[in-house]
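J.: after the sequence you'll find the predicted model.
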Amino acid sequence: MAKKTFTLPDLGEGLIDATVLEWFVVVGDYLERGAPMVEVETTKSSLELPSPQAGTVAELHVAEGDTVDVGAPLVTFTVADDEAGIVGTVPESSGSVRRVKLSLPED
Amino acid sequence: MDVRTPDGQRIAYRRIDGARPVLLVHGFASNVEATWGATGWLRAFEDAGRGVLAVDLRGHGASSKPTDAASYAAETLARDLVAVLDAEGLVVADVIGYSMGSQVARELAGQHPERVSRLVLGGIGSSEPFAKVGVPAIRAALRDGRPIDDPFLDGLLAGAQDLPETERAALAACAEGMATAPVALVPLAPTLVAAGELDPIAVGALALANQLAASYFEIPGRRHGNSLSARAFKQVVIDFLGVSRAGMPEPGRVEP
């Protein structure tokens, strides 16, 4: 098994950070990809971010109520070895689309 | 998807297939994606196996944007929702509104009670916020498009200042139309009122619930702008809608 870390994606509209309102998961939970994972709030709106990955939550890097910068670590998963990268980044959101999907780039 | 209304406007909506579709009505200066998409509601209904019809109100999103206040009477916006239900061949639906969308949803339930099986009114209270602020102040703010000092007004206009001038003109007309046509009907459908504990726009939500003999849920620690993404809110709504209405047939479909 290996670890894979996901960072806070670019939320668009020039936003540089977000505050974690609520984690829907705790360390040790198994999540399907796309399951509700965390709720964050920006100066514009609040958003629900789905899980970018099927796997077991190994670490939550940001406490509820704390602010995280775009590009800073948000969550680490334990995943099967053949799925592991070093650090997962997420595609930048396009245009004014506000729905954010955390996902791995196609390589 | 879209539908043409009796007064010639185009109403855009998004359909997600599933059982017993829920009609979703967003708030002022918002749209389907911002209110229901980014906040996780569409995913939550999908996970619950429910279908969705999520409407862009006139003046918003991909729908027509007339700039005269007369086009934005509450009963007209409610009739737009009827047009969507008709286009989909839905006799009756559960309806969920947030903020101004709740005023429209309430109008729909009052004017067309046979079309609404259950009603959820989110983010509103006992007073009409547009009337409270005053239409001239809203018009002035939307005309200038400048940032707003007043936190109440800023919350009410929710991002409208970033929109192009023509869209702000449509929103000003919408605020005027909705403010001057206050909603006073008591819905027959079982109703849930839900509002953030710290939401100034929804002040008096409990009083509204009592007035409507509705269930009430206070979303702990939330304001107007961050209530929608709360999981607790979604869960309460899905549970509320999951209970079938005693003695009533399940919502069905007819051919359009």
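T.: Now that the structure is in, tell me what you want to look at. Because the structure is a prediction, the values reported are computed rather than measured.
J.: count the neighbours of whichever residue of chain A sits closest to chain B for me.
T.: Nearest to chain B, among the residues of chain A, is A:E48, at 3.0 Å (C-beta to the nearest C-beta). In this view, the C-beta of every residue, glycine as well, is placed from N, C-alpha and C. Neighbour count for A:E48, taken as other C-beta atoms under 10 Å in any protein chain shown: 26.
J.: surely it and A:E39 touch.
T.: Yes: counting by C-beta atoms under 8 Å, A:E48 touches A:E39, with 5.3 Å between them.
J.: shared neighbours of the two, anything?
T.: Here A:E48 and A:E39 have B:40, B:229, B:231 as joint contacts, going by C-beta atoms under 8 Å, 6 or more residues apart in numbering or on different chains.
J.: so what's the closest residue to chain A within chain B up against?
T.: With C-beta to the nearest C-beta, the shortest gap between chain B and chain A falls at B:G40, namely 3.0 Å. The contact partners of B:G40, taken as C-beta under 8 Å, 6+ apart, are A:36, A:39, A:47-48, A:50, B:229, B:231, B:234.
J.: number of residues surrounding the nearest residue to A:P73 once chain neighbours are set aside?
T.: Nearest-residue entry for A:P73: A:H61, 4.2 Å, with adjacent residues in sequence omitted and distances by C-beta to C-beta, 6 or more residues apart in numbering or on different chains. By other C-beta under 10 Å, 16 other residues sit near A:H61.
J.: now A:H61: phi and psi?
T.: phi -90, psi -10 (degrees, to the nearest 10).
J.: excluding its backbone neighbours, what's nearest B:A214?
T.: Per C-beta to C-beta, 6+ apart, closest to B:A214 is B:T191, 3.8 Å.
J.: ok, what's across the strand from that neighbour?
T.: With DSSP bridges applied, B:T191 shows beta-bridge pairing to B:L119.
J.: distance of it from B:A44?
T.: Distance, B:T191 to B:A44, by C-beta to C-beta, to the nearest Å: 20 Å.
J.: which of the two has more neighbours?
T.: B:T191 (24 against 20).
J.: B:S117 is in contact with the more buried one, correct?
T.: No: using C-beta under 8 Å, B:T191 makes no contact with B:S117, being 11.1 Å away.
J.: follow-up on the earlier one: nearest to B:G51 among the contacts of B:G40?
T.: Closest to B:G51 out of the contacts of B:G40 is B:K234 (16.0 Å), distances taken as C-beta to C-beta.
J.: is that closest one in contact with B:E46, as I believe?
T.: No: using C-beta under 8 Å, B:K234 is not in contact with B:E46, being 11.7 Å away.
J.: who's more crowded, those two?
T.: Per other C-beta under 10 Å, whichever of B:K234 and B:E46 has more neighbours is B:K234, with 21 against 15.
J.: report pLDDT for that one.
T.: Confidence at B:K234, expressed as pLDDT, is 96.
J.: which SS class is it?
T.: Recorded secondary structure, B:K234: helix (DSSP: H, G, I helix; E, B strand; the rest coil).
J.: which parts of stretch B:110-128 are buried?
T.: Going by neighbour count (16 or more other C-beta atoms under 10 Å in any protein chain shown), the buried part of stretch B:110-128 is B:110-112, B:115-125, B:128.
J.: out of those residues, which are inside helices?
T.: B:110-111 (DSSP state H).
J.: out of the buried residues of stretch B:110-128, give me the two with the largest separation.
T.: B:S117 and B:E128 (25.8 Å).
J.: for B:G61, which non-adjacent residue is closest in space?
T.: Nearest to B:G61 is B:N31, by C-beta to C-beta, 6+ apart, at 3.4 Å.
J.: tell me who's in contact with that neighbour.
T.: When contacts are counted by C-beta under 8 Å, 6+ apart, B:N31 touches B:56, B:60-62.
J.: just the buried ones from these, in ChimeraX syntax?
T.: Here is the ChimeraX command that selects the buried residues among the contacts of B:N31 (16+ other C-beta under 10 Å):
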select /B:56,60,61
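J.: which parts of the chain are strands?
T.: No chain specified, so I'll use chain A. With DSSP state E as the criterion, chain A has strands at A:2-7, A:17-23, A:30-31, A:36-41, A:46-50, A:55-60, A:67-69, A:73-79, A:87-88.
J.: think we crossed wires, I meant chain B
T.: Under DSSP E, chain B gives strands at B:2-4, B:10-16, B:19-25, B:50-55, B:93-98, B:116-122, B:191-196, B:215-219.
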